[in-house]
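Participant: Sharing a model that was predicted from the sequence below.
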Amino acid sequence: MIYRSKAPLRLGLAGGGTDVSPYSDEFGGAILNATISLYAAASIEPMDENKIIIEALDRKEKQEFDFINSLPIDGKLDLVKGVYNRIQKDYAAIKNGFRLSTFVDAPAGSGLGTSSTLVVAIIGAFVEMLNLPLGDYDIAHYAYDIERNDLGLAGGKQDQYAATFGGVNFMEFYGGDKVIVNPLRIRQEYLNELEHNLVLYYTSTSRESATIIKEQQKNVSQKNEKSIEAMHQLKEQSRMMKEALLKGRLNEIGEILNYGFEQKRKMAHNISNNLIEEMYSAAKAAGATGGKISGAGGGGFMTFYCPNNTRYKVIDELNTFGGEVRPYLFTQHGLTTWTTI
């Protein structure tokens, strides 16, 4: 038997960064995001050999171990190892060797939540194999706990919940790791228009989000008023985006995105840079009414809202920067698992 899973990556549309502690603990955070048809996938194939083989097929990385209950965390395939180690610690249910393979449709550091989505997918494959009693909230929090506490990786909370639940969600974040996921019932014609008008552009650069996030956390801890006020405004932006989408006021989306872009610059250094600013200005000159940097910032993917068929002129302009426009569709489903022979 082979146990498989897939979980969707996400576009953060508003409120980005307010899911990161200590801001969310002290003030409460809010984010609006939507999952898209790019995925992280995992497969587990039990073996007769008493070995553990883990491989990232997209990155052409592979490691092999004699069967042990705790794999070394050494900077290589640590997300896979972290999930395995935690599941063995909590359930001690894996008794035989296996091969675990992963693949992600977007590069690490691209701002679409790749790392957290991969962790969710890996957990999902183990849940399918071991029939673990974990619901959606359990899986999302488990992924968060493994990343932040077991592996010591800086970041927020939205990615794990987006990947697990799927769809368009308004998420609220509170102290004590409390998260509430509110699925939004948006009319299909509004989603169709949003999908048509939002251009997803990969800048062909990646970044280490942890550095930016750590500075953001430091600014909150040290009561940096400019940074905290920017995060307050981004939280309000998520509510503005929710209302615009639910009521079909799509002509406001670009302005709401642009407002968020202006606020996000104030949260930490290196969220934007000269190249990003140049791309953003070029897209707006070509007809985009607003846009945003995906994830923590500094590179990776950007999204631009391009009404009235301006997407084609915007795409032509963005192509001069050497990046790549990626096609996508919005998805309604989150983590999916299944078994095959």
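Facilitator: Happy to help now that I have it.

Participant: Tell me the buried residues in the helix ranked longest in the chain?
Facilitator: Within the chain, and with DSSP state H defining each element, the longest helix by residue count is helix 225-247. Buried residues in helix 225-247, defined by neighbour count with 16 or more other C-beta atoms under 10 Å: 227-228, 230-231, 233-238, 240-242, 244-245. The C-beta positions use only the backbone N, C-alpha and C, and glycine is treated the same way.

Participant: Least confident secondary structure element in the chain?
Facilitator: Least confident element among the helices and strands of the chain, by mean pLDDT, DSSP states H and E: helix 209-221 (a mean of 65).

Participant: S70 against N85, yeah?
Facilitator: Yes. With contacts counted by C-beta atoms under 8 Å, S70 reaches N85, the gap being 5.0 Å.

Participant: More neighbours: the two, which one.
Facilitator: Between S70 and N85, N85 has the larger neighbour count (other C-beta atoms under 10 Å), namely 20 against 11.

Participant: what does the helix or strand where the more buried one lies rub up against?
Facilitator: N85 is part of helix 78-91 when elements are defined by DSSP states H and E. Helix 78-91 is contacted by residues 52, 54, 56, 69-73, 93-94, 100, 102, 115, 118-119, 122-123, 126, 130, 132, 142, 145-147, 150-151 when judged by C-beta atoms under 8 Å, 6 or more residues apart in numbering.

Participant: how far does that helix sit from the chain's center?
Facilitator: Distance, stretch centre to chain centre, for helix 78-91: 21 Å (C-alpha atoms, centre = their mean, to the nearest Å).

Participant: In that helix, which of the residues would be classed as buried?
Facilitator: Under 16+ other C-beta under 10 Å, the buried positions of helix 78-91 are 78-88.

Participant: so what does the helix or strand following the longest helix of the chain touch, helix or strand wise?
Facilitator: Using DSSP H and E, the helix or strand that follows helix 225-247 in sequence is helix 253-264. With contacts defined as 3 or more C-beta pairs under 8 Å, 6 or more residues apart in numbering; DSSP states H and E, the packing partners of helix 253-264 are strand 2-14, helix 225-247, strand 290-293, strand 301-305.
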